[in-house]
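[1] Sequence below, structure please.
(one chain, ligands or ions: 1)
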Amino acid sequence: MKSGLLVVISGPAGVGKGSIVKEMMKLSDKVVLSVSATTRAPRPNEREGINYFFKSREQFEEMIRKDELIEWVEYCGNYYGTPREFVLGEIEKGHIVVLEIEVEGAANVRRLFPDSVLCFVLPPDYYELENRLRGRGTEDEETIKRRLQRAREEFQHIDEYDYIILNDTISSAAQRFMNIIESEQMKTHRNKDLINKFKNI
Ligand code: 5GP
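    Now for the predicted structure:
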């Protein structure tokens, strides 16, 4: 029997994390995405409860006070955080819970859940990332510059992750993730009950 798994996906803005996760959800109905809370304004194509739970700063700070978040950070001037109840409930159900979060949050998740699997998505090259971010057309120039600077800072933390995933095409990146998940689920330390059954035959 396969147990639940907490998978963290980080990577610079514009690298395609969202598209990869969508593709993974098509490949397996066990994969669920944790929807974060944020104080960032919604982009035109974003929907409440699908992309984020959009909150005011006051509402977000209330969530912090009530301990409703597993982790939270301030990133480029806005709060972002992972709701606790959904994540714990889905792991309990044996699902593969994906957190699409930045590096500071990933390090906090690793401290709280040492069993989590941390993956960092890389673009084929840096200039392609810049083009993708500009091509998206949802951010102004100052925000793009801030996010590219932040990307360079995030690259300094890649060693803290278990895996790097090259996003050359969405479908191959998603397949790489699924392969990692499958291997992780077969690790002996995640299958103690099954192993004990065989030991006691
Ligand atoms: P964006 O504004 O582009 O949607 O997200 C900005 C960054 O915040 C991305 O790197 C994204 O992965 C990260 N992020 C989104 N939700 C969370 C969260 O709940 N916690 C943390 N630590 N980072 C998050």
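[2] so who does the closest residue to the ligand within the chain touch?
    Closest approach between the chain and the ligand, counting by CB to the nearest ligand atom: residue 105, at 2.2 Å. The way it works is simple: take the backbone N, C-alpha and C, and place the C-beta from them, glycine included. Neighbouring residues of residue 105 by CB atoms under 8 Å, 6 or more residues apart in numbering: 8, 71, 72, 73, 80, 81, 82, 99.
[3] ditto for residue 67
    For residue 67, the contacting residues are residue 84, by CB under 8 Å, 6+ apart.
[4] In three-state terms, how would it be classified?
    Following DSSP: H, G, I helix; E, B strand; the rest coil, residue 67 is assigned to coil.
[5] Same check on residue 164?
    strand.
[6] Can you name the residues that contact it?
    Neighbour list for residue 164: 119, 120, 121, 122, 158 [criterion: CB under 8 Å, 6+ apart].
[7] same deal with residue 103?
    So residue 103 contacts 10, 154, 157, 160 (CB under 8 Å, 6+ apart).
[8] Out of these, which two sit at the greatest distance?
    Farthest pair in these (CB to CB) is 154 and 160. Separation: 10.4 Å.
[9] what about residue 5, how many neighbours?
    By the criterion of other CB atoms under 10 Å, residue 5 has 21 neighbours.
[10] Tell me who's in contact with it.
    So residue 5 contacts 91, 96, 97, 116, 117, 181, 184, 185, 190 (CB under 8 Å, 6+ apart).
[11] Check residue 175 too.
    When contacts are counted by CB under 8 Å, 6+ apart, residue 175 is found next to residue 27.
[12] rewinding a little: please produce a ChimeraX select command covering the buried subset of the contacts of residue 105.
    Selection of buried members from these for ChimeraX, criterion 16 or more other CB atoms under 10 Å:
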select :8,71,72,73,80,81,82,99
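[13] Save the contacts of residue 105 as JSON lines, and put in pLDDT and secondary structure too.
    Shown next, in JSON lines, are the contacts of residue 105 (pLDDT from 0 to 100; DSSP: H, G, I helix; E, B strand; the rest coil):
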{"residue": "8", "pLDDT": "98", "secondary structure": "strand"}
{"residue": "71", "pLDDT": "97", "secondary structure": "strand"}
{"residue": "72", "pLDDT": "98", "secondary structure": "strand"}
{"residue": "73", "pLDDT": "97", "secondary structure": "strand"}
{"residue": "80", "pLDDT": "98", "secondary structure": "strand"}
{"residue": "81", "pLDDT": "98", "secondary structure": "strand"}
{"residue": "82", "pLDDT": "98", "secondary structure": "strand"}
{"residue": "99", "pLDDT": "98", "secondary structure": "strand"}
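[14] among the contacts of residue 105, which are in reach of the ligand?
    71, 73, 80, 81, 82 (CB under 6 Å from any ligand atom).
[15] circling back to that earlier point, narrow the contacts of residue 5 to those in strands?
    Judged by DSSP state E, the contacts of residue 5 include 96, 97, 117 as members of strands.
[16] Settle this for me: the last one is touching residue 163, isn't it.
    Yes. Applying CB atoms under 8 Å, one finds residue 117 in contact with residue 163, separated by 7.3 Å.
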